[in-house]
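S.K.: Need a 3D model of the following:
(chains A and B)
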Amino acid sequence: MNRAALGALLAHWRRHPLQLLTLVVGLALATGLWTGVQAINAQARLDYAEAAATLGQDDLPRIEGDLTLADFATLRRAGWPVTPVLDGTPLGMRARVLGIDPFTAPQNGATPDLTDTADLTAFLDGRLVFAAEGTAVPETLPEVRRLPDIAPGLVVADILAAQAILGTEQIDRMLILPEARDDLPPLADLLPGARRVEPEAGGEIGRLTDSFHLNLTAFGLLAFAVGLFIVHAAIGLAFEQRRPLFRTLRALGLPASRLTLLLAAELVAFTLIGGALGIVLGYGMAALLLPNVAATLSGLYGASVAGGLTLAPTWWLSGFAMAGIGLAVAGGQSLWQLARLPVLAPAMPRAWARARLGTLYRQGVGGLVLLAAAVLVAVFGTGLVAGFVCLGALLLGAALLLPPILSAVLALGARRAKGALTQWLWADTQQQLPGLSLALMALLLALAANVGVGTMVGSFRATFTGWLDQRLAAELYVRATDEAQATELRAFLDGRVDAILPIVGTETSLEGAPGDLYGQPDHSTFRENWPLLDSVPEVWDRLATGEGALINEQLARRTGNWSGAEVDLGAGERREVLGVYSDYGNPRGQAILTLDAFHAAVPDVPETRFALRVAPAEVPALAEAISARFDLPAEGLVDQASLKGFSLDIFEQTFAVTAALNVLTLLVAGFALWASLTTLGTMRLPQVAPVWALGLTRRGLALADLARALILAAFTAVLAIPTGVALAWVLLAVVNVQAFGWRLPLLADPGGWAVLSLWAVVAAALAAALPVWRLWRMPPAQLVQVFAHER
Amino acid sequence: MLLRTRNVDKSYETAGGRQPVLSDVSFDLAAGETLALTGESGSGKSTLLHLLAGLDTPDRGTIEVEGTDIAAQDDAGRARLRRGTVGLIFQQFNLIPSLDVRNNLTFHARLAGRDPGDVDALAGRLGLSDHLRRYPEQLSGGQQQRVAIGRTLLASPRLVLADEPTGNLDEATGDAMIALMREMVRETGAALLMVTHSARLAAQLDRRLHLRAGRLAEGAPA
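M.R.: Now for the predicted structure:
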């Protein structure tokens, strides 16, 4: 019995290979996009963990503060078992430099083997550094020896060599080794201002990049949902088309439970096939995108991720699990209905006979409820998760509202139409809506995601570029190696430039959290260009007299202190906030005083960095003269153009992965539309043939079909634009603020939206091309068969 | 002569080779005349009807409607003929599911660029006055058949081709529909060719042709 019934059920797929292809490809795409994103996330997290574990930094307590190697010596002399660490990324270099002391560093896989005296000498002299295979290291660094156990993107150097490479005399922290005794002299007595920090789970990089990975996961989930729309449509259609068969099988004595079981087994088979294909696809996608993601993470957070994939078995299993969940979601409803199907249920395809109004009404109400929920979460919700819940509710609500809105518009069109053909076109389009609505919802999601992310990136780019113009107003930035060279440099520059603007800064505690305090002179460069978001009246005049401070947006948002409030700048220094400036790309709090006020607050910081104002045409000659005259470190002389170029380069890479996922999602939606139109094309001959018989040519019918696809795509695009703009607003005003601590203005891009709408229409035309062509070239005999009940 | 058919052959490709369906079919139909086409199942009645309507083309022979050879027309020409000259009433109604009854009734006339005239009066005669806002799926088979007949009547074609138009109607309603069609043919000077299995209905029309295995015989079957 089972074999005969299964044979009858599977025969459907032999007769409808396109439907089978749609189902498998839809499932593979959904699973593939999801598992691909998860693979990228898993690989990145694996690498963070490896990097964090270097030297045992993830599980050892550490000492932080304004530290130098002299402090290290002080603690060692007092019996503290500490080892110094300097960690930084030199300007213009992708790899991170980790400075260690080979004599005190804990021995683990990431610590180079220096038992050979020659190697040790070379390492201590700064002639030898270590890095993992594949880590890009510039030629300016000394000899690099490759070690497999070092985290990707990390260059291990002696602490003194690292200080030279990074151009600093400080160290970042000291790790406290496990053998520390209890009777050690108190840290506060030995190093006032230094503090002990206990290890935290996850590591700093892990926390910093959380929002980035959450973004990727959200996109993966969106792509998965879009893919599921295809699967749902294909399964729903297959169930509808097999209804007469189900009825016959039931009438011939197959129990409903057995039929349901057989169909469930069919779904499991699809899970295995689609899931396996999806996992392969996801692996390929991840391998393709990972280098880009690695560059993005390195540019944004200094996090290093290897370009290759090494995935755990759980990842493979999770791919199958997602495929199974997807099919259960997509096919569950159909199976449930089948289990409750009376033997004599009408075999007429339900999709066409379904009481349209009831379904549309329920969808409309559901959509409105979700949109209302999105608004409530946006207004009252807090945290990144609330931001993503808001996004989900917004997208799903808009998708659910699409069919009722389209139906209303098409009904209006049919009522207003004058000619018989136009009226039929509108009414028939409305009639086809149930069969196309899932694909159109997928298209709406993909378009809205494109509009939303495009608008966000556009807003980001415009704001970021403008902000760079403001922040990097000086033509040249120069950094001396020490105070003596700085004095010499000033003397050299005197008369050669229009203005020398010292920039001094130090790490400090701002409102109890690590931050940076800067001092800058009162100059028109800052007065005219500094990007203030909020300020008290006469902010610059008051700042010039030594009053108050400017703080960055991140600090203002974190503390809720805006203009007029007071801010704690550490060491008991409290000042009025005179203004808040935008500071994109910086996760830390920052405050700015005038130069004099800075020196009064932090006396021992030398003026070694300068912004130079000079006519742009004179920049190359001046830069050359400075380089010839002074022995500056590689990053000691930076012109504005290359600094902007470097910053914009990081920015573009940041969104390259998002753009790739965007395009993939749109492709999936295009495939959904193509599959639906092609399947409908074969199913709706009985509706088309009478119109042909009444005197419309096949060409006319084909063009009407094309017009139908274009009308639906155009309306979907029109509805996707406000959805996408709302999405962009949530990304900029909710998610971005929660993730990064700054808010960007939403800049409308009507031109871009129009181009995207045009692409949607082109995609619909391409998706409709095959079914339209088939109808155009369909032999009359095939159309006549609709009427030929007897011959 | 409104319809002139000469030596029409038609065959179809099947798994077992080419299968002849119609052989050497010739007959005429004058304006104002009504003709019943009878025959066993599979005798080729529907195929002949489709050829006369220009839905398909004969392998051999000519079919002229008002002097125009259908087989010589291209796709657009045959579509123009179906739109303007021929009215088809299908066995399975073939209404347009996306349009309500009123719009289904007027559809063919409007497609042909004609004024559908008094829709409400015809709907009254067809017993459809209360159903004008309904959709085909909401009607019974008999009601749908009456809409299909009404659609053709409102289009005022010169040649009405009907495939078992009363198969879904009770005897009284079927008779009323036949009377209505005959009346319209008489009023407009059109011609009616009706495929039917019913000898009783066939007897109500002016002439009768019988198809047997694709060949034509005048009059009632032997």
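S.K.: Buried residues of the lengthiest helix in chain B, list them for me.
M.R.: Criterion DSSP state H: the longest helix present in chain B is helix B:171-188. By 16 or more other Cβ atoms under 10 Å in any protein chain shown, the buried positions in helix B:171-188 come out as B:Thr173, B:Gly174, B:Ala176, B:Met177, B:Ile178, B:Leu180, B:Met181, B:Arg182, B:Met184, B:Val185. Every C-beta, even on glycine, is put in place using the N, C-alpha and C of the backbone.
S.K.: what do you get for stretch A:497-508?
M.R.: So for stretch A:497-508, counting by 16+ other Cβ under 10 Å, buried means A:Val497, A:Ile500, A:Leu501, A:Pro502, A:Ile503, A:Val504, A:Gly505, A:Glu507, A:Thr508.
S.K.: Can I get that stretch in CSV? Just the C-alpha atoms.
M.R.: Taking C-alpha atoms only, stretch A:497-508 is exported to CSV below (Å, rounded to 0.1, in the frame of the first residue of the first chain):
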residue,chain,number,x,y,z
VAL,A,497,52.9,77.2,7.0
ASP,A,498,49.9,79.4,7.7
ALA,A,499,49.2,77.8,11.1
ILE,A,500,50.7,75.2,13.4
LEU,A,501,47.9,73.6,15.6
PRO,A,502,49.2,71.4,18.3
ILE,A,503,47.0,68.3,19.2
VAL,A,504,47.6,66.8,22.6
GLY,A,505,45.7,63.9,24.1
THR,A,506,45.8,61.4,26.8
GLU,A,507,43.8,58.4,28.0
THR,A,508,41.6,59.1,30.9
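S.K.: and it, average pLDDT?
M.R.: Regarding stretch A:497-508, the rounded mean pLDDT is 85.
S.K.: what residues does that stretch touch?
M.R.: Residues from elsewhere that reach stretch A:497-508, judged by Cβ atoms under 8 Å, 6 or more residues apart in numbering or on different chains: A:66, A:474, A:476, A:490, A:493-494, A:514-521, A:523, A:525, A:569-571, A:595, A:598-599, A:602, A:605-607, A:609-615, A:622.
S.K.: What segments of the stretch 201-350 of chain A are helices?
M.R.: For the stretch 201-350 of chain A, the helices defined by DSSP state H, counting those that start in this stretch cover A:203-241, A:243-251, A:256-301, A:313-339, A:350-353.
S.K.: ok and the third one relative to helix A:243-251, angle-wise?
M.R.: With axes from the mean of the first three to the mean of the last three Cα atoms, to 10 degrees applied, the angle from helix A:256-301 to helix A:243-251 works out at 140 degrees.
S.K.: Can you list the helices and strands that helix A:256-301 packs against?
M.R.: Packed against helix A:256-301, as judged by 3 or more Cβ pairs under 8 Å, 6 or more residues apart in numbering or on different chains; DSSP states H and E, are the following elements: helix A:2-15, helix A:17-53, helix A:203-241, helix A:243-251, helix A:313-339, helix A:640-683.
S.K.: got JSON lines for those, with mean pLDDT too?
M.R.: Putting the helices and strands packed on helix A:256-301 into JSON lines (pLDDT from 0 to 100) gives the following:
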{"stretch": "helix A:2-15", "mean pLDDT": "81"}
{"stretch": "helix A:17-53", "mean pLDDT": "77"}
{"stretch": "helix A:203-241", "mean pLDDT": "69"}
{"stretch": "helix A:243-251", "mean pLDDT": "76"}
{"stretch": "helix A:313-339", "mean pLDDT": "77"}
{"stretch": "helix A:640-683", "mean pLDDT": "73"}
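S.K.: Tell me, how many residues neighbour B:Phe115?
M.R.: Let me fix one detail, which is that residue B:115 is Asp and not Phe. A total of 10 residues lie near B:Asp115 under the criterion other Cβ atoms under 10 Å in any protein chain shown.
S.K.: mind checking pLDDT for it?
M.R.: Confidence score, pLDDT, at B:Asp115: 87.
S.K.: so it is in which element?
M.R.: Under DSSP states H and E, no helix or strand contains B:Asp115.
S.K.: which one is it nearest to, not counting chain neighbours?
M.R.: Nearest non-adjacent residue to B:Asp115, counting by Cβ to Cβ, 6 or more residues apart in numbering or on different chains: B:Ala109, 7.1 Å away.
S.K.: The one you found: what's it in contact with?
M.R.: Neighbouring residues of B:Ala109 by Cβ under 8 Å, 6+ apart: B:Asp115, B:Pro116, B:Gly117, B:Leu154, B:Ala155, B:Ser156.
S.K.: Separate out the buried members of those residues.
M.R.: B:Pro116, B:Leu154, B:Ala155, B:Ser156.
S.K.: Any chance of TSV for those residues, columns distance to chain A and secondary structure?
M.R.: Putting the buried ones among the contacts of B:Ala109 into TSV (distance: Cβ to the nearest Cβ, whole Å; DSSP: H, G, I helix; E, B strand; the rest coil) gives the following:
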residue	distance to chain A	secondary structure
B:Pro116	10	coil
B:Leu154	12	helix
B:Ala155	8	helix
B:Ser156	14	coil
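S.K.: what's the lowest-pLDDT member of these?
M.R.: B:Pro116 (85).
S.K.: Pull the contacting residues for it.
M.R.: So B:Pro116 contacts B:Leu105, B:Thr106, B:Ala109, B:Arg110, B:Leu154, B:Ala155 (Cβ under 8 Å, 6+ apart).
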